[in-house]
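Engineer: For reference, the sequence and a predicted model appear below.
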Amino acid sequence: MSISENIKKILTQEVPESVKLVAVSKTKPIEQILEVYTFGYKIFGENRAQELSEKYSKLPKDIEWHMIGHLQTNKVKYISPFVYLIHGVDSFKLLQVIDKEGTKNNRIINCLLQFHIATEETKFGFDLSEAKQMLESNEFSNLQNINILGVMGMATFTENTQLVRAEFKELVYIFNQLKSKYFSTKSDFKEISMGMSGDYKIAIEEGATIVRIGSLIFGER
């Protein structure tokens, strides 16, 4: 199947309208992104700031760009003028840099707080107590140019679907804790970004509002 047929199938048969699909275009050439864009889909995710910045400069400006990978503080400047949503905010230091770049660019930058839900040590993210400590701090309340829309997490890369499901349940639990305690009056705090090509169906069943799918659209790297 072609790339446009792939995305059509996923959008019509597999991802409900209530869930946002981010087409993960990392490492993919401009031509393939344009094929999806020409089909009529305009939401893309990249995991490297410089690659994202380069693609932004070459592609139509009505694309909604998501930064889905681990973001280093010194790379925020490449994407801060235009990025729609940063999924992987995994430290207060990073959030402060995003806020500073938002101020420079005179815009408020949307963010998700990334939580470490996987058994693997290599995954980044807050734990719940760290996040609570940050959200209750004076330093956090001073940030003016960030807007937290929800949470993000990556499950363990495994065939064990029960483990994956349990990890997604944990992220939903974290979301509900934060929503009730810190964001109860904030209507746009509603996003749970979880699930990729291998596990997005489980993620949707468990309450994902955003899924990140690459290889099922563009083919294996």
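Structural biologist: Arrived safely.

Engineer: Any buried residues in the longest helix anywhere in the chain, and which?
Structural biologist: Criterion DSSP state H: the longest helix present in the chain is helix 161-182. By neighbour count with 16 or more other CB atoms under 10 Å, helix 161-182 contains the buried residues 164-165, 167-168, 170-172, 174-175, 178, 182. Where C-beta positions appear, they are placed from N, C-alpha and C, glycine not excepted.

Engineer: quick check, Leu143 in a helix?
Structural biologist: No - assigned with DSSP: H, G, I helix; E, B strand; the rest coil, Leu143 falls outside any helix and is coil.

Engineer: can you map out the helices along the protein?
Structural biologist: Using DSSP H, the helices of the chain run over residues 3-9, 30-39, 49-58, 76-79, 92-104, 128-135, 138-141, 161-182, 200-206, 215-218.

Engineer: Next, format those as TSV and append distance to Ile148 and mean pLDDT.
Structural biologist: Output for the helices of the chain, formatted as TSV (distance: least, CB to CB, whole Å; pLDDT from 0 to 100):
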stretch	distance to Ile148	mean pLDDT
helix 3-9	29	93
helix 30-39	28	95
helix 49-58	20	98
helix 76-79	16	98
helix 92-104	8	98
helix 128-135	9	97
helix 138-141	10	97
helix 161-182	9	98
helix 200-206	20	97
helix 215-218	28	94
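
Engineer: want to throw those into a markdown table with distance to Asp188?
Structural biologist: Compiled in a markdown table, the helices of the chain are given as follows (distance: least, CB to CB, whole Å):
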| stretch | distance to Asp188 |
| --- | --- |
| helix 3-9 | 26 |
| helix 30-39 | 26 |
| helix 49-58 | 23 |
| helix 76-79 | 20 |
| helix 92-104 | 16 |
| helix 128-135 | 16 |
| helix 138-141 | 17 |
| helix 161-182 | 11 |
| helix 200-206 | 21 |
| helix 215-218 | 27 |
